[in-house]
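Student: Generate coordinates for the sequence data below:
(2 chains)
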Amino acid sequence: MQIGIFTVGDVTTDPTTGRTPTEHERILAAVTLAKKAEEIGLDVFATGEHHNPPFHPSSPTTLLGFIAAQTSRIVLSTATTLITTNDPVKIGEDYAVLQHLAEGRVDLMLGRGNTGPVYPWFGRDIRDGIALAVENYALLRRLWREEVVDWEGRFRTPLHGFTLAPRPLDDVPPFVWHGSIRSPEIAEQAAYYGDGFFHNNIFWNPSHTRRMVNLYRQRFEHHGHGPADTAIVGLGGQFFMRRNSQDAIAEFRPYFDVAPVYGYGPTLEEFMAETPLTVGSPQQVLERTLAFREGVGHYQRQLFLVDHAGLPLKTVLDQLDLLGEILPELRKGFAQDRPAHVPDAPTHASLVAARGEVAPASRPGRQDDVTGRSPEPASAQSVASEPASSEHR
Amino acid sequence: MTGIVVVTAGTGVPSSSTLLGERLAAAAAAALGRDATGLTHLELRTLAVELASFVATRRPGPGLRSAFEALARADGVIAVTPIYNGSYSGLFKLFFDALPEGTMAGRPVLPGATGGTARHSLAIDHAMLPLFYYLKAPVAPHPVFAATKDWGSPGKLDRRITRAADAFADLVRRSSPSLELDEFAVPDFTELLGGKGIQPNG
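Tutor: Numbers count the residues shown, from 1 in each chain, chains lettered A, B, ... in the order given. Coordinates of the predicted model:
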């Protein structure tokens, strides 16, 4: 079971002080949080991606690359990578480079993005969201798996004889999660490929989350990837802890009441009753989190949102200290009654092992899956003049 | 048949919109006879706070979720609003704005409205009908507007209610909207790929 945190990277005024952190402060805070997450023993740090204020993470692989250099164990991921407005070629390149630099400690979660105005800035239309996610990911998969790709789709300039560089580390692409709150098409997409499915979980009632996850599990089995209970499921979660639950509620309420997304809506108490948000003692957070399994079954990844809505960095670091304290109990609880055949979330090491062999690190001599030809001529000097195998098709 | 859902946006207690909704529902039940299998009354007043929260957060509360489910199963909908400032009330519009897309498509609707005087009666035609046309709901042919004065001459109002309910009942019998809306329904992924030639596990 992987346990971690994710940041959406919002730059939000602290409602209790009126102070707004700078983008610079928030960017560095993300690095601090990631290092702290590793220090307390968490497994995953994930960053959001946004291309509009008040969010800072427009370049996730830059951020994650910087973090990779300062950490040694934690898996770096995204929540989410925009498969709709990004060029899949650039996603393929960026995350392949990151994967090499981080020695494989990388996976990513794809999402569509729900901010309408962002799409046209990238030449897209939010009404094409599902179609973009389907087509762009189909291409991204091929770029990571096939040495030479010919591609024509609806959305992107065609590719002929294109080879993505660098190739994924050990020729094993980063594991991919598909994140969606309420689009069954995305659960189906994850199931079809046997990829992971992540439900944000935070804003919705548990019965909705359960139905989406169960849909994914059933379709995972339908598409022949194994029994439904071996599908790879991740959930979001959200807490605010103090040793005394009343202190937690009193301290968090002013942030909750005006928070982006759910502020100015239901009361804190209603929201806690209706969603997985837990504001209270560490024991309450522990118990509530372990109960997530009752809805979705044994799952593989739990990510918490801890640093949003203007909470100061020191407060967030306190939250991580408290999370670190209950972490052993959390792990023990998740391990309890977990059937042996329920897999862990794939990692680079497990994917390499599953493949049964390690590809040679050197490039020459490998063949294109499609044409059976090497993309490179025998003579290394003429690489630039031979455009892969396009003449061959 | 799973029944008729009455949606009323009146806020007073008692409310003339609620009253009109109940009268239309009773008349529709009588007209449907043995086909009338159930009646659900959604008083939007009781959902006002959840609707406001929904606007701010896009997250439906428990009351709103069951209201959505009731509409998604309805054989027909009687929708009654007070007319404020020349149009349906904000509460009425909030509800239909919040309703999951596609819920009203093919689902017969009988509009009703109440107002101080008959001068407001055309609000049905210029506000409610375009709303239901947009939602692709077949609209029963004789919507009912009840002004304050109409409640003092019940015979005439009764006749209009009966005529509206009869036409609505005919429409309900002829329609088959009961394909329960399934927000979790999904096409097989091969269709989504649209023939891009991508193989599973590829």
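Student: all strands in chain A, in order from the N-terminus.
Tutor: For chain A, applying DSSP state E gives strands covering A:2-7, A:44-47, A:75-78, A:81-82, A:107-111, A:149-151, A:159-162, A:175-179, A:196-199, A:233-241, A:278-280, A:301-305.
Student: if you look at stretch A:153-171, does any of it touch chain B?
Tutor: Yes. Under the criterion of CB under 8 Å from any CB of the partner chain, chain B is reached by stretch A:153-171 at residue A:153. Any C-beta I mention is one placed from the backbone N, CA and C, and that applies to glycine too.
Student: residues near residue B:134, how many?
Tutor: Using other CB atoms under 10 Å in any protein chain shown, residue B:134 is surrounded by 10 other residues.
Student: still on that earlier bit, let's have the strands of chain A in a markdown table, adding mean neighbour count.
Tutor: Conversion of the strands of chain A to a markdown table gives the following (neighbours: other CB atoms under 10 Å in any protein chain shown):
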| stretch | mean neighbour count |
| --- | --- |
| strand A:2-7 | 24 |
| strand A:44-47 | 28 |
| strand A:75-78 | 28 |
| strand A:81-82 | 26 |
| strand A:107-111 | 27 |
| strand A:149-151 | 20 |
| strand A:159-162 | 18 |
| strand A:175-179 | 25 |
| strand A:196-199 | 28 |
| strand A:233-241 | 26 |
| strand A:278-280 | 23 |
| strand A:301-305 | 25 |
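Student: for these, which one sits closest to residue B:71?
Tutor: Residue B:71 sits nearest to strand A:196-199 of all the strands of chain A, at 25.4 Å, using CB to CB.
Student: in its sheet, what does the closest one sit against?
Tutor: strand A:175-179 (parallel), strand A:233-241 (parallel) (DSSP bridges).
Student: what about it, distance to the chain center?
Tutor: 9 Å (CA atoms, centre = their mean, to the nearest Å).
Student: can you give me the mean pLDDT across the longest strand that chain B contains?
Tutor: If you go by DSSP E, chain B has its longest strand at strand B:76-84. If you average the pLDDT over strand B:76-84, you get 97.
Student: which helix in chain B runs the most residues?
Tutor: Of all the elements of type helix in chain B, the one with the most residues (DSSP state H) is helix B:154-174.
Student: now the angle from that helix to strand B:76-84?
Tutor: Counting by axes from the mean of the first three to the mean of the last three CA atoms, to 10 degrees, helix B:154-174 lies at 140 degrees to strand B:76-84.
Student: Just to check, residue A:258 is in contact with residue A:252?
Tutor: No. Assessed by CB atoms under 8 Å, residue A:258 is found out of contact with residue A:252, at 11.7 Å.
Student: Which of those two has more residues huddled nearby?
Tutor: Neighbour tally, residue A:258 and residue A:252, criterion other CB under 10 Å: the higher count belongs to residue A:252, 22 against 14.
Student: Help me confirm that that one comes into contact with residue A:277.
Tutor: No. If you go by CB under 8 Å, residue A:252 and residue A:277 don't touch, sitting 9.2 Å apart.
Student: does residue B:23 count as helix, strand or coil?
Tutor: Applying DSSP: H, G, I helix; E, B strand; the rest coil to residue B:23 yields a three-state assignment of helix.
Student: Leaving out sequence neighbours, find the closest residue to it.
Tutor: Sequence neighbours aside, residue B:161 is the residue nearest to residue B:23 in space, at 5.3 Å (criterion: CB to CB, 6 or more residues apart in numbering or on different chains).
Student: what do you get for residue A:180?
Tutor: residue A:186 (3.5 Å).
Student: Isn't that neighbour up against residue A:178?
Tutor: Yes. Counting by CB under 8 Å, residue A:186 does reach residue A:178; the two are 5.2 Å apart.
Student: Please enumerate the shared neighbours of the two.
Tutor: Listed as contacting both residue A:186 and residue A:178 by CB atoms under 8 Å, 6 or more residues apart in numbering or on different chains are A:133, A:197.
Student: Buried residues of the helix or strand of chain B with the lowest mean pLDDT, list them for me.
Tutor: Ranked by mean pLDDT, DSSP states H and E, the weakest helix or strand in chain B is helix B:189-193, scoring a mean of 80. By neighbour count on 16 or more other CB atoms under 10 Å in any protein chain shown, the buried set for helix B:189-193 is B:189, B:192-193.
Student: other SSEs contacting it?
Tutor: Contacts defined by 3 or more CB pairs under 8 Å, 6 or more residues apart in numbering or on different chains; DSSP states H and E place helix B:189-193 against helix A:129-145, helix A:184-193.
Student: Which stretch among those is buried most, on average?
Tutor: Highest mean neighbour count of the helices and strands packed on helix B:189-193: helix A:184-193, a mean of 25 (counted as mean count of other CB atoms under 10 Å in any protein chain shown).
Student: Contacts for it, please.
Tutor: With contact meaning CB under 8 Å, 6+ apart, helix A:184-193 is reached by A:112, A:130, A:133-134, A:137, A:141, A:176-180, A:195-197, A:212-213, A:215-220, A:222-223, A:225, A:231, B:183-189, B:192, B:200-201.
Student: any idea how far residue A:111 is from residue A:338?
Tutor: 28 Å (CB to CB, to the nearest Å).
Student: Equivalent analysis for residue A:325, please.
Tutor: Distance from residue A:325 to residue A:338, counting by CB to CB: 22 Å.
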